[in-house]
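Asks: any chance you can model this:
(one chain, ligands or ions: 1)
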Amino acid sequence: MRFTEAQLQRIRPLWDAMLAHPFLIRTRDGDLPDRTFANWMQQDYLFVEAAIPFMAALLPKAPHAHWEPLAGVIQALQKELRLFEERAAAVGVDLRGAPASFTCHAYVQFLMATAYQRPYAEAYTVLYAAEKAYHDSWRVVQQGLDPASPWHPFVENWAGDDFAAYVAYLEGELDRLAEQVGEAERERMADLFETTTKYEIAFWEMAVEGGGWPGTEGGSGEGVADAEEEE
Ligand code: MP5
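Replies: Sure, this is the predicted structure:
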């Protein structure tokens, strides 16, 4: 069985829990408070910004055949930042209005540590898992979100055909890399696949619950903002 297929099968309950997260379901159903969505926008903007140095750190480890595709990803990330900025301006969200949440900070540190400390196949596993997670997650939102919603451009970005083709490409390459390594290395790749999925769940959770740090009061998530909005 292909590596990616085996991993998705192995962690199916975790993957399904991610896809059933209330952030996605409530966004799909048009019933998520705007403040909660804005919280995700602010944090994901910081995440996407940090994904650029992550990709750049992968380049020196990559086979030559991956240079052009990886450079293309960096360009796509720049375009994605413009999408956030355009949407934020349209709905009056200040993308620099909040510091990185504990979860965003931790996830970004995990990305960078993986890129710098781990072999290419392991770091590439994290890239694939994060991109596949976003593709599948936004496809859930796609199955119901009003096309007139201000959030629809995000659906088009991650659930659309171009992104699907990119994820399929990453999947094929990751399966090839996994065939070329030994069993111990494949196990480390499998571990990172699972850890990345857990970070993805934590990210949706943070968007809903707020971006507080241990030892500080709450955050700017639903727990705090909802009370005001829904009164
Ligand atoms: C992605 C993202 C997708 N934007 N945010 C998180 C928390 N996980 C995955 O990555 P990209 O680079 O925006 O396509």
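Asks: need the residues of the chain near the ligand, please.
Replies: Asp44, Phe47, Val48, Ala51, Leu77, Glu80, Ala130, Glu131, Ala133, Tyr134, Glu200, Phe203 (C-beta under 6 Å from any ligand atom). From N, CA and C alone the C-beta is placed, and that goes for glycine too.
Asks: dump the residue contacts of the last one.
Replies: In other words, Phe203. Residues near Phe203 by C-beta atoms under 8 Å, 6 or more residues apart in numbering: Gln43, Asp44, Phe47, Thr103, Cys104, Tyr107.
Asks: state the helix or strand in which it lies.
Replies: In the assignment (DSSP states H and E), Phe203 maps to helix 183-209.
Asks: and if you look at the fifth one?
Replies: For Leu77, the host element (DSSP H and E) is helix 67-91.
Asks: then the third one?
Replies: Counting by DSSP H and E, the element that carries Val48 is helix 34-58.
Asks: angle of that helix against helix 67-91?
Replies: 160 degrees (axes from the mean of the first three to the mean of the last three C-alpha atoms, to 10 degrees).
Asks: which secondary structure elements does helix 34-58 contact?
Replies: Here helix 34-58 touches helix 22-28, helix 67-91, helix 102-117, helix 120-142, helix 183-209, helix 222-229, going by 3 or more C-beta pairs under 8 Å, 6 or more residues apart in numbering; DSSP states H and E.
Asks: what angle sits between the fifth one and helix 102-117?
Replies: Inter-element angle recorded for helix 183-209 and helix 102-117: 160 degrees (by the same axes, to 10 degrees).
Asks: buried ones in helix 183-209?
Replies: By 16 or more other C-beta atoms under 10 Å, the buried positions in helix 183-209 come out as 185-186, 189-190, 192-194, 196-197, 199-209.
Asks: what about Phe163, how many neighbours?
Replies: Applying other C-beta atoms under 10 Å, we find 18 residues neighbouring Phe163.
Asks: repeat for Val126
Replies: Applying other C-beta under 10 Å, I find that Val126 has 23 neighbouring residues.
Asks: touching, it and Asp191? I think so.
Replies: No: Val126 sits out of contact with Asp191 when judged by C-beta atoms under 8 Å, with a separation of 10.5 Å.
Asks: hmm, back to that, quick check: which of the helices and strands packed on helix 34-58 is buried the most?
Replies: Neighbour counts (mean count of other C-beta atoms under 10 Å) averaged over each of the helices and strands packed on helix 34-58 peak at helix 120-142, with a mean of 22.
Asks: can you name every helix or strand that that one contacts?
Replies: Short answer (3+ C-beta pairs under 8 Å, 6+ apart): helix 120-142 packs on helix 12-19, helix 22-28, helix 34-58, helix 102-117, helix 152-159, helix 161-180, helix 183-209.
Asks: okay, now the unreliable bits of this structure?
Replies: Scanning the chain for pLDDT under 70 picks out 218-231.
Asks: can you do 90?
Replies: 210-212, 215-231 (pLDDT under 90).
Asks: format the helices and strands packed on helix 34-58 as TSV; extra columns: distance to Arg176.
Replies: As requested, those are exported to TSV (distance: least, C-beta to C-beta, whole Å):
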stretch	distance to Arg176
helix 22-28	31
helix 67-91	13
helix 102-117	19
helix 120-142	10
helix 183-209	12
helix 222-229	42
